[in-house]
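*Asks:* the following block contains a protein sequence and its predicted model.
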Amino acid sequence: MRHIHPVRQSGPIPPYDGPWSMEDVKRVSQHMNLPWDFYPQHSDIEEMMRRVPGLTRKEALKIQTFGFKPEEEIDFAYLAVNNGIDVFYVRN
C-alpha cells in the first residue's frame, strides 16, 4: 500500500502509473505555470481609447490597475462604457 505522502530518502519519487516520476510532473507544471512574460503588462492607453469609443483617459488608467490581461482590459472597458459600470466604485 502506497502512502499518500511518502518519506523520501534518496533518488526520484517512483511514478504512480507509467514512466513519469513526480519530478517530471513538477518540471512540466512549472513550465506551464511560470511563463508570465508571455503577455504584455498592459494595453496602451491610446489603443484602449481607440478601440472603446467614449472611454476617458482617467477610466483607462483605473482599468489598468485591476490586473487584467490586455485583452481583458479592453473587454472590461467595453463593458464599462456600454453598460454604465462605474470603474471608480469602491465597495464596502
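*Replies:* Structure's in. What do you need?
*Asks:* got the buried residues for the helix ranked longest in the chain?
*Replies:* Criterion DSSP state H: the longest helix present in the chain is helix 70-83. Using 16 or more other Cβ atoms under 10 Å as the test for burial, helix 70-83 gives 70, 73-74, 76-78, 80-81. C-beta coordinates here come from the backbone N, C-alpha and C atoms, glycine included.
*Asks:* tell me where the model's unsure across this protein.
*Replies:* 1-40 (pLDDT under 70).
*Asks:* list the contacts for the residue nearest to E47 when sequence neighbours are not counted?
*Replies:* Leaving aside its sequence neighbours, E47 sits nearest to I74 (Cβ to Cβ, 6 or more residues apart in numbering; 7.9 Å). Contact analysis of I74 by Cβ atoms under 8 Å, 6 or more residues apart in numbering lists 43, 47-48, 51-52.
*Asks:* which of those residues fall in helices?
*Replies:* 47-48, 51.
*Asks:* got a winner among the residues you listed for most neighbours?
*Replies:* M48 (23 neighbours; other Cβ atoms under 10 Å).
*Asks:* what residues does that one make contact with?
*Replies:* Applying Cβ under 8 Å, 6+ apart, the residues near M48 are 55, 60, 63, 73-74, 77.
*Asks:* how far away is S43 from F88?
*Replies:* As defined by Cβ to Cβ, to the nearest Å, S43 lies at a distance of 19 Å from F88.
*Asks:* more neighbours: which of those two?
*Replies:* Taking neighbours as other Cβ under 10 Å, S43 and F88 compare with S43 leading, 21 against 7.
*Asks:* wait, isn't the more buried one in contact with E73?
*Replies:* Yes - contact criterion Cβ atoms under 8 Å: S43 and E73 qualify, at 4.9 Å.
*Asks:* who touches both of those two?
*Replies:* Common neighbours of S43 and E73 (Cβ under 8 Å, 6+ apart) are Q64.
*Asks:* fine by me, we can end here.
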